[in-house]
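Undergrad: kindly generate the corresponding structure for this input.
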Amino acid sequence: MPEIAFSPRARKSPYFGATIEAGATAFSIYNHTYFPMSYGSMEQEYWHLLNKVAVWDVACQIQIELRGPQAGELAQLLSARNLAGTEVGQGRYVPMCDHEGRLLNDPLVLRVAEDQWWFSIADSDMLAWCRAIGAERRLEVDINELDVAPLAVQGPLAADVVADLMGEWTRDLGFFRYAPAEVDGIALLIGRAGYSTKGGFELYLQDTNRGHDLWTRIMAAGEPYGIAPGTPNHMERIESAFISIRTDTDDNTDPFEARLGRYVSFDPGLDYIGRPALEAKQRAGLQRELVGLVIDGERQIPNTEPLPVHQDTTAVGQIRSMVWSPRLETMIALAIIDAPHNQLGTKLAAATTAGERVALVTELPFI
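TA: Numbers count the residues shown, from 1 in each chain. Model prediction:
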């Protein structure tokens, strides 16, 4: 297989050296940052995540800060979800849409202080968008990308590792709740969150010169619990139906099609970018939808590009992400399928990396 070439065109995270030392074997580029994708075996890392604890370099999850007297107003304009009542130290998962209701990003929005909000951005360039909306509305807000680097500790033993490292108080931290913390003089913001269903924490490093130090201390604290390096796991995230922007969506996908409708708010008087378009889309009903497919046949390699799906000779959509499920022992996929072919139990014909296979529309999440 071709290898990725490292160059100054993409950033190395504060944990890059530590991930190389830990045996990272594959990288992608996410938000212009080198992102570890594997340490040798996706399935081995999958079982480790399910049963023990892993540390992930997710510094590619960049932070856009809104700061100033109208930061909260801009945060709401950028978010299709109602942010009213968000407390300092609380995060909310939100869809960000353009004026036509197309999904641009799905960040965690964190209120750090009364006049300070962080948008933890998925893989799309959003700094210019945030600045453009702020300027368009003539709001008094400073908008910048922060030199902050998240590191995730995930898995059923994550709480034990973090409690040993930082104190028992961390066990009481609520989901999507964040608090200042320190590890041997390393300043952090710690939150209970993460891109898996197995539970864990995100540690937002605020002195990016201390990345290797933080990684080393987490690995030492996790040694009694069998900690290992890992990455957001493709198998577990598809089983759990965690969407990946620009992987599972295309440039015209809206939040309803991406199964994020429960995060779209239409409260009276609420103003945000894309609301009129989203109201029209809700009235019109779904024309297509992200669904789960269970695919017949033997194990095969995951797709590296969208694959067509048909019913008889009619094209009805695309497989966006396909992977082997170790627990279900079958190939599964997330696919965007046109209505009415998106109905549960519908049999379709899917092109796969091993040829055409029967695919059954099924419930999400798979597990």
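
Undergrad: remind me, longest strand of the protein?
TA: strand 314-325 (DSSP state E).

Undergrad: what pairs with the next helix or strand after that strand, parallel or antiparallel?
TA: Sequence order places strand 330-338 as the next helix or strand after strand 314-325, per DSSP states H and E. Partner strands and pairing direction for strand 330-338 (DSSP bridges) are strand 288-295 (antiparallel), strand 314-325 (antiparallel).

Undergrad: closest to Leu151 out of the ones you listed?
TA: Go through the strands paired with strand 330-338 one by one with Cβ to Cβ and the one that ends up closest to Leu151 is strand 314-325, at 24.7 Å. (Each C-beta comes from the backbone N, C-alpha and C, glycine too.)

Undergrad: that closest one - what's its average pLDDT?
TA: The pLDDT scores in strand 314-325 average 97.

Undergrad: kindly report the same for stretch 6-25.
TA: Across stretch 6-25, pLDDT averages out at 95.

Undergrad: mind listing what's buried along it?
TA: Judged by neighbour count (16 or more other Cβ atoms under 10 Å), stretch 6-25 contains these buried residues: Ala10, Lys12, Ser13, Pro14, Tyr15, Phe16, Ala18, Thr19, Ala22, Ala24.

Undergrad: dump the residues you listed to TSV, plus distance to Val161.
TA: Shown next, in TSV, are the buried residues of stretch 6-25 (distance: Cβ to Cβ, whole Å):
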residue	distance to Val161
Ala10	30
Lys12	25
Ser13	20
Pro14	20
Tyr15	16
Phe16	22
Ala18	16
Thr19	18
Ala22	16
Ala24	20
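
Undergrad: give me the subset of those lying in strands.
TA: Short answer: the buried residues of stretch 6-25 have none in strands (DSSP E).

Undergrad: care to break this structure down by domain?
TA: 16-61+148-237, 63-145, 286-367 (automatic domain parsing).

Undergrad: what's the closest of the ones you listed to Asp248?
TA: Of the domains of the chain, nearest to Asp248 by Cβ to Cβ is domain 286-367, at 4.5 Å.

Undergrad: so how far is the closest one from its chain's centroid?
TA: 21 Å (Cα atoms, centre = their mean, to the nearest Å).

Undergrad: when you give positions from now on, start the count at 165
TA: Sure, I'll start numbering at 165, so the last one becomes domain 450-531.

Undergrad: endpoints of it, how far apart?
TA: Length of domain 450-531, first residue to last, Cα to Cα, to the nearest Å: 24 Å.

Undergrad: cool, and stretch 471-487?
TA: Counting by Cα to Cα, you get 13 Å between the two ends of stretch 471-487.

Undergrad: ok, and what's touching that stretch?
TA: Outside of stretch 471-487, the residues within contact range by Cβ atoms under 8 Å, 6 or more residues apart in numbering are 398-399, 402, 408, 411-413, 452, 454, 457, 459, 466-467, 470, 495-502, 505-506, 510-517, 523.
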